[in-house]
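Chemist: how does the following fold in three dimensions:
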Amino acid sequence: MSETFVHPSSVIDDGAVISPGCRIWHFSHIMGGAVLGPSCNIGQNVMIAPDVRLGRQVKVQNNVSIYSGVICEDYVFLGPSCVFTNVKNPRSEISRKDQYKPTVVRRGATVGANATIVCGVEIGRYAFIGAGAVVTHPVPDYALVEGVPARVVGWMSRLGHKLEFDETGMAVCRESGRTYRMANGCVYEEDDI
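Modeler: From the prediction side, this is the model:
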């Protein structure tokens with residue numbers, strides 16, 4: 001594991017937990033109470049609020065805001081300028097910190113550039129949120145979602161390739177050769193069944 005690196009222009013508040021091997025680039029702010037797992041890569045101009053939890057090797061690209069209540073499991077990818085919310089009905093003159101809705105991004109999921117994740121949803125394992133999508137509902141494992149609001153338009157393999165299912169409900173990842181099965185509107189890796 002490489003050494004932890006924090007660019008001198010970034011601010012790490014007291015009480016933030018930065019695990020070994022993390023790399024934090026220019027002009028980022030990690031607030032007290034945030035926890036970064038091992039080997040996270042935090043791009044330029046990123047804000048990570050209190051009580052955010054990032055798992056192992058989470059990659060956060062430039063200009064991302066991650067607000068309180070967000071949990072990203074291991075190997076999540078957050079694309080440039082994506083944003084998370086934490087209150088459904090914010091008002092400047094009304095404090096709603098007691099109404100934060102948790103958002104969970106499961107292992108290996110990708111959130112594309114400029115996507116918005118509205119609070120209170122779960123993004124499934126290895127799901128893929130297309131660039132510019134607005135996610136307002138839970139996203140199933142391996143789903144490819146696009147649009148405003150985001151809708152399921154396909155399915156992705158663990159390695160990020162679009163899956164094409166045959167008439168028996170089977171698909172194979174063209175890179176890994178792993179087999180996937182569609183059953184009752186859900187996708188499973190054969191090893192997971």
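
Chemist: who are the packing partners of the strand or helix carrying Y188?
Modeler: Assigned by DSSP states H and E, Y188 belongs to strand 186-189. With contacts defined as 3 or more C-beta pairs under 8 Å, 6 or more residues apart in numbering; DSSP states H and E, strand 186-189 has these neighbours: strand 179-183. Using the backbone N, CA and C atoms, a C-beta is placed for each residue, glycine as well.

Chemist: run me through the strand neighbours of the strand holding Y188, direction for each.
Modeler: Strand pairing for strand 186-189, determined by DSSP bridges: strand 179-183 (antiparallel).

Chemist: which residues sit against the strand it pairs with?
Modeler: Defining contact as C-beta atoms under 8 Å, 6 or more residues apart in numbering, one finds that strand 179-183 is touched by 142, 155, 157, 163, 165, 169-173, 187-190, 193.

Chemist: chain center to that strand: distance?
Modeler: The chain centroid and the centroid of strand 179-183 are separated by 23 Å, computed with C-alpha atoms, centre = their mean, to the nearest Å.

Chemist: restricting to C-alpha, output that strand in CSV.
Modeler: Coordinates of the C-alpha atoms in strand 179-183 are reproduced here as CSV (Å, rounded to 0.1, in the frame of the first residue of the first chain):
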residue,chain,number,x,y,z
THR,A,179,-22.0,-15.7,-16.6
TYR,A,180,-25.0,-13.7,-15.4
ARG,A,181,-28.6,-14.8,-15.1
MET,A,182,-31.8,-12.6,-15.3
ALA,A,183,-34.6,-13.9,-13.0
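
Chemist: show me what counts as buried in that strand.
Modeler: Of the residues in strand 179-183, those buried under the neighbour-count criterion (16 or more other C-beta atoms under 10 Å) are Y180, R181, M182.

Chemist: any weak-confidence spans in this structure?
Modeler: Flagging of the chain using pLDDT under 70 yields the residue ranges 1, 192-193.
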